[in-house]
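A.B. asks: Below is the sequence, then the predicted model.
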Amino acid sequence: MSSLREADVVTIGESMVLMQPMSEGSLAYAPLFTRSIAGAESNVSIGLSRLGFKVRWISRLGADPFGDVILSTLAGEGIDVSLVERDAAYPTAIYFKEFKGYGDPNVYYYRKGSAVSRLTPRDVEASWLQGAKHLHVTGITPALGPETGDAVKELMKQARQHGMTISFDPNLRRKLWGEEEARATLLSLIPLCDIFLPGIEEAEFLVGEKAETEYGPHFLKLGAKVVVLKLGERGSMGFIGDHSVTAAPFPVTRIVDTVGAGDAFAAGFLSGFLDNGGDLEHDDHLLKALERANFMGSLATQYKGDWEGLPKRDELDRLLSGGKEITR
Ligand code: KDG
């Protein structure tokens, strides 16, 4: 008998060691760094785990100390990492942020030839989805190696065969691949997902400039069942069937770090989806999931780090109901 823990959600992707400078400005002049870990799918995993969901994270890491720290951090967050493979031949990836004092941070990736970049569809195993209800994938994994996209596609197909629901965040990373390849690959994954979560700029990248309200119906026609359009500081819109709802943003007075906000949003939305047993047909459910997503996204921008600001369930409930924290 398998000793695998049950999972509400399975994610697959690459996590890296994240080096963040302690000073603003060019990395050329940054003498001191703090070390954390990050990765779009593990950020979502942490968000969901903190809200009480059982999450399994599938990945590969180098057989190196950076792989150790990623594994122990995620295990410490309650995520099932028992199927993560260690590879002695290829390293764990690293990335650096550069804070300019305005706008989004710059990021510098050192991930070519990493352990995850060697993943192929032949590596996909039935155990990855065992006992799971939902699969979450992003467009970052297909950008990593020659066959990583096919591996993601294979996993999505298997999830569908198992009757699981699937969410897909395109997470366009222009530094990782060429525009044409990115566009074609990301578009090819939309028909395989139930919930598609593009940002407004990603939507425009994928299908060209349109009126904001046209993107949802366009992606629904391509095969997604629900489209969630992230509008940044203007909130978000959800599209299902022939109707749509708009959720207002939560105002943020001090943005510290925008990286990870989209993953916080995804965790918020998926938690609303799972809380309602996968029913988004009611406008009320869709709106609540969007509002939670907006809130989680705005929270993430107020912390340095890609996931550190994600709330636990009781904290989320208190913050959303306007309750005050007893601090001393
Ligand atoms: O969405 C945030 C991620 O971009 C970040 O945590 C690192 O996975 C990452 C990436 O590929 O940029």
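C.D. replies: Ah, there it is. Numbering: from 1, shown residues only.
A.B. asks: is the ligand contacted by the lengthiest helix in the chain?
C.D. replies: Secondary structure of the chain per DSSP state H: the longest helix is helix 283-300. No: judged by Cβ under 6 Å from any ligand atom, helix 283-300 and the ligand are separated, with a smallest distance of 9.3 Å. Bear in mind the C-beta positions are built from the backbone N, C-alpha and C, glycine included.
A.B. asks: next one: stretch 152-159
C.D. replies: No: residues of stretch 152-159 contacting the ligand under Cβ under 6 Å from any ligand atom: none, with a closest distance of 13.9 Å.
A.B. asks: How about residues contacting that stretch?
C.D. replies: Residues from elsewhere that reach stretch 152-159, judged by Cβ atoms under 8 Å, 6 or more residues apart in numbering: 10, 12, 121, 124, 126, 128-129, 135, 137, 141-142, 166, 168, 188-189, 192-193.
A.B. asks: change it to 7 Å
C.D. replies: The contact list for stretch 152-159, computed with Cβ atoms under 7 Å, 6 or more residues apart in numbering, reads 12, 121, 124, 128-129, 135, 137, 141-142, 166, 189, 192-193.
A.B. asks: elements contacting the helix or strand just after the longest helix of the chain?
C.D. replies: Using DSSP states H and E, the helix or strand that follows helix 283-300 in sequence is helix 313-320. Contacts defined by 3 or more Cβ pairs under 7 Å, 6 or more residues apart in numbering; DSSP states H and E place helix 313-320 against no helix or strand at all.
A.B. asks: Next, the angle from helix 313-320 to helix 283-300.
C.D. replies: 100 degrees (axes from the mean of the first three to the mean of the last three Cα atoms, to 10 degrees).
A.B. asks: Neighbours of the residue lying closest to His285 once chain neighbours are set aside, how many?
C.D. replies: Of all residues not flanking His285 in the chain, Asn276 sits nearest, at 4.6 Å (Cβ to Cβ, 6 or more residues apart in numbering). When neighbours are defined as other Cβ atoms under 10 Å, Asn276 has 16 of them.
A.B. asks: Which residues of the stretch 201-328 of the chain lie near the ligand?
C.D. replies: Counting by Cβ under 6 Å from any ligand atom, the residues of the stretch 201-328 of the chain near the ligand are 259-260, 262-263, 306.
A.B. asks: Name the nearest of the residues you listed relative to Ala93.
C.D. replies: When these are compared for distance to Ala93 (Cβ to Cβ), Asp306 wins out at 13.9 Å.
A.B. asks: List the residues that contact the closest one.
C.D. replies: 18, 38, 43, 259-260 are the contacts of Asp306 under Cβ under 7 Å, 6+ apart.
A.B. asks: State the pLDDT value of it.
C.D. replies: Here the pLDDT value assigned to Asp306 is 95.
A.B. asks: What of Met1?
C.D. replies: Met1 carries a pLDDT value of 44.
A.B. asks: Residues in a beta bridge with the nearest residue to Ala224 once chain neighbours are set aside, which ones?
C.D. replies: Spatial nearest neighbour of Ala224, excluding adjacent residues (Cβ to Cβ, 6+ apart): Phe196 at 3.9 Å. Applying DSSP bridges to Phe196 gives these bridge partners: Phe168, Val227.
A.B. asks: what about the helices in this structure?
C.D. replies: Counting by DSSP H, the helices of the chain are 40-50, 65-76, 148-161, 179-189, 200-207, 212-222, 261-275, 283-300, 313-320.
A.B. asks: Can I get those helices in CSV including mean pLDDT?
C.D. replies: Formatted as CSV, these follow (pLDDT from 0 to 100):
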stretch, mean pLDDT
helix 40-50, 98
helix 65-76, 98
helix 148-161, 98
helix 179-189, 98
helix 200-207, 98
helix 212-222, 97
helix 261-275, 97
helix 283-300, 94
helix 313-320, 93
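A.B. asks: Relative to Val107, how far out is the one residue in the stretch 1-150 of the chain that gets nearest to the ligand?
C.D. replies: Nearest residue of the stretch 1-150 of the chain to the ligand (Cβ to the nearest ligand atom) works out as Ala38 at 3.4 Å. Per Cβ to Cβ, to the nearest Å, Ala38 is found 10 Å from Val107.
A.B. asks: Same drill for the two, tell me which one is more crowded.
C.D. replies: Ala38 (25 against 15).
A.B. asks: OK, contacts around the more buried one?
C.D. replies: For Ala38, the contacting residues are 15-16, 18, 306-307, by Cβ under 7 Å, 6+ apart.
A.B. asks: what two of those have the greatest distance between them?
C.D. replies: Top of the distance list for the contacts of Ala38 (Cβ to Cβ): Met16 and Trp307, 12.5 Å.
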